[in-house]
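Enquirer: give the three-dimensional model of this entry:
(one chain, ligands or ions: 2)
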Amino acid sequence: MTGYSSKNDVATANGKQNGSGNQTVENGSKPTAFTPQGNHASSENNIQCSLTSDEFRAVNLMRQDMYPYEVIQEIADFIVKGSGIRPKIGIICGSGLGSLADIIQNPKVFEYEKIPNFPVSTVEGHAGRLVVGTLEGANVMAMQGRFHFYEGYPLAKCSMPVRVMKLCGVEYLFATNAAGGINPKYAVGDIMLMHDHVNMLGFAGNSPLQGPNDPRFGPRFPALVNSYNKDLINKAIEISKTMGIESSVHVGVYSCLGGPTYETIAELKALRMMGVDAVGMSTVHEVITARHCDMKVFAFSLITNKCSTEYSDKKDDEASHDEVMAVAKNRQKTCCELVSRLVAEIQKTA
Ligand SMILES: O=P(O)(O)O[C@H]1O[C@H](CO)[C@@H](O)[C@H]1O
Ligand SMILES: Nc1nc2[nH]cnc2c(=O)[nH]1
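Expert: Ligands and ions are numbered 1, 2, ... in the order given. Next comes the predicted model:
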């Protein structure tokens, strides 16, 4: 593979809600009625819903999508003070790629549930821990477990930790994912360096930046061309050569769908026609949030399954999370080496 160029090729603001999001919730577990705004209702005119207060609290916490700057700052302070480290590189571990956080030296581990105002991971292969420490001499923090739209979290909440990273001092985001390979040239176990994306959730009117814009993070209308840092892509290509894996490393376009279903054949055909090479259910909203606050982004997909666009009765053609996890486990060493070496490159030029 030659050096990458993008030429033709393709590469709370309002502060109304407090951090816990539960200020309107009563104690007790008797079914109560509530308005769509989240207030418990006493009037017959209001929409009735038989959720217990505990269920209501859980849903309300899940749906909370406004994270004022101050709340994110508090989370960042908690992590920086707790670890004694100001990280420069943030890593998001994809499904089954949690070992990217295990290679961090002198780790200080924060369980998500112990971090104030942090969501919790609900998907197998996403441990739900933030690991802060050093890698190749660089201060890093890694999310061992990300948040997905299909878990019930709004996109702004899924990518809220990227803003936490920013306020911790992170300049570079490394986002990794497990994805289905649509490009027929891709094989299971290959790595696709992302140089662009198709934001399918955005097509449907959903964005992590929806709602009031806080200019302390970034502009109202951020541009997304050149979102994926070309220097980092080129460095990763060079590294893949020294690792002897260049024939299984590609540069391509990722698309995120809402999930949790895998795609139909007709959807895969449509995505292929749109120029998508790999498909998943994450990353795009994290990249949007990172670019909004001016972080440098490097992202790659581990191809965990091939997405056939032919109709067939073969069970083998059906994607499964078990297969995704198994392939990720097999390729984690390679992914760790790629990430470590790229971190070392960044550190060299620091
Ligand atoms: O994108 P990551 O988190 O790596 O996980 C991918 O793998 C899971 C499906 O097997 C989905 O969550 C999809 O997004
Ligand atoms: N949407 C989607 N996500 C995935 N994650 C891993 N493989 C796949 C896939 O084939 N489709």
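Enquirer: okay, CA-based contacts and neighbour counts for the rest of this
Expert: Fine.
Enquirer: which parts of the chain sit against ligand 1?
Expert: G94, S95, N177, A178, A179, G280, M281, S282, H321, V324 (CA under 6 Å from any ligand atom).
Enquirer: pretty sure the last one is touching S301, no?
Expert: No. With contact taken as CA atoms under 8 Å, V324 and S301 are classed as non-touching, separated by 11.7 Å.
Enquirer: now do the shared contacts for those two.
Expert: A178 (CA atoms under 8 Å, 6 or more residues apart in numbering).
Enquirer: quick check: longest helix of this structure.
Expert: Determined from DSSP state H, the single longest helix within the chain is helix 321-348.
Enquirer: which is the next helix or strand following the helix or strand of the chain with the lowest mean pLDDT?
Expert: Ranked by mean pLDDT, DSSP states H and E, the weakest helix or strand in the chain is helix 53-63, scoring a mean of 66. Going down the chain from helix 53-63, the next helix or strand is helix 69-83, by DSSP states H and E.
Enquirer: where do the strands sit along the chain?
Expert: Counting by DSSP state E, the chain has strands at residues 89-92, 105-111, 129-135, 138-144, 172-181, 191-199, 249-256, 278-280, 296-306.
Enquirer: reformat these into a markdown table and put mean neighbour count next to each item.
Expert: Shown next, in a markdown table, are the strands of the chain (neighbours: other CA atoms under 10 Å):
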| stretch | mean neighbour count |
| --- | --- |
| strand 89-92 | 26 |
| strand 105-111 | 16 |
| strand 129-135 | 23 |
| strand 138-144 | 26 |
| strand 172-181 | 26 |
| strand 191-199 | 24 |
| strand 249-256 | 23 |
| strand 278-280 | 26 |
| strand 296-306 | 26 |
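Enquirer: how close does L130 get to ligand 2?
Expert: 22 Å (CA to the nearest ligand atom, to the nearest Å).
Enquirer: change the start of the numbering to 59 and stick with it
Expert: That works, and once the first residue is 59, the last one we named lands at L188.
Enquirer: contacting residues around that residue?
Expert: V167, F168, E169, Y170, M199, A200, M201, Q202.
Enquirer: how about stretch 166-181 and ligand 2, any contact?
Expert: No. Stretch 166-181 lies apart from ligand 2 when judged by CA under 6 Å from any ligand atom; the minimum separation is 12.2 Å.
Enquirer: show me what from the stretch 309-408 of the chain comes close to ligand 2.
Expert: L315, G317, Y320, E321, V337, G338, M339, T362, N363, C365, A377, V382.
Enquirer: and which of the residues you listed is nearest to ligand 2?
Expert: G338 (3.3 Å; CA to the nearest ligand atom).
Enquirer: burial count for the residue of the stretch 59-208 of the chain at minimum distance from ligand 1?
Expert: Residue nearest to ligand 1 within the stretch 59-208 of the chain (CA to the nearest ligand atom): G152, separated by 3.3 Å. Using other CA atoms under 10 Å, G152 has 27 neighbouring residues.
Enquirer: ok, it to K146 distance?
Expert: Look at G152 and K146: by CA to CA, to the nearest Å, they are 20 Å apart.
Enquirer: do A214 as well
Expert: From A214 to K146 the distance is 22 Å (CA to CA).
Enquirer: of those two, who's got more company?
Expert: Under the criterion of other CA under 10 Å, the comparison of A214 against K146 puts A214 first, with 25 against 20.
Enquirer: on that earlier part again, now the contacts of L188 in JSON lines, with distance to G186?
Expert: Conversion of the contacts of L188 to JSON lines gives the following (distance: CA to CA, whole Å):
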{"residue": "V167", "distance to G186": "10"}
{"residue": "F168", "distance to G186": "9"}
{"residue": "E169", "distance to G186": "6"}
{"residue": "Y170", "distance to G186": "5"}
{"residue": "M199", "distance to G186": "13"}
{"residue": "A200", "distance to G186": "11"}
{"residue": "M201", "distance to G186": "7"}
{"residue": "Q202", "distance to G186": "6"}
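Enquirer: what bits of the stretch 59-208 of the chain have low per-residue confidence?
Expert: Within the stretch 59-208 of the chain, the set of residues satisfying pLDDT under 70 comprises 59-107, 114-122.
Enquirer: number of residues surrounding the residue in it positioned nearest to ligand 2?
Expert: In the stretch 59-208 of the chain, the residue that lies nearest ligand 2 is S153 (7.9 Å; CA to the nearest ligand atom). Counted with other CA under 10 Å, residues neighbouring S153 total 26.
Enquirer: ok, so what distance separates the closest residue to it other than its chain neighbours from M201?
Expert: For S153, ignoring the flanking residues on the chain, the nearest one in space by CA to CA, 6 or more residues apart in numbering is G183 at 5.2 Å. According to CA to CA, G183 stands 12 Å off from M201.
Enquirer: got the contact list for the spatially most central residue of the chain?
Expert: The residue lying closest to the centre of the chain (CA atoms, centre = their mean) is T341, at 4.0 Å. By CA under 8 Å, 6+ apart, the residues touching T341 are A233, T234, N235, C314.
Enquirer: okay, it: pLDDT?
Expert: For T341, the model assigns a pLDDT of 98.
Enquirer: phi, psi for it please.
Expert: phi 70, psi -50 (degrees, to the nearest 10).
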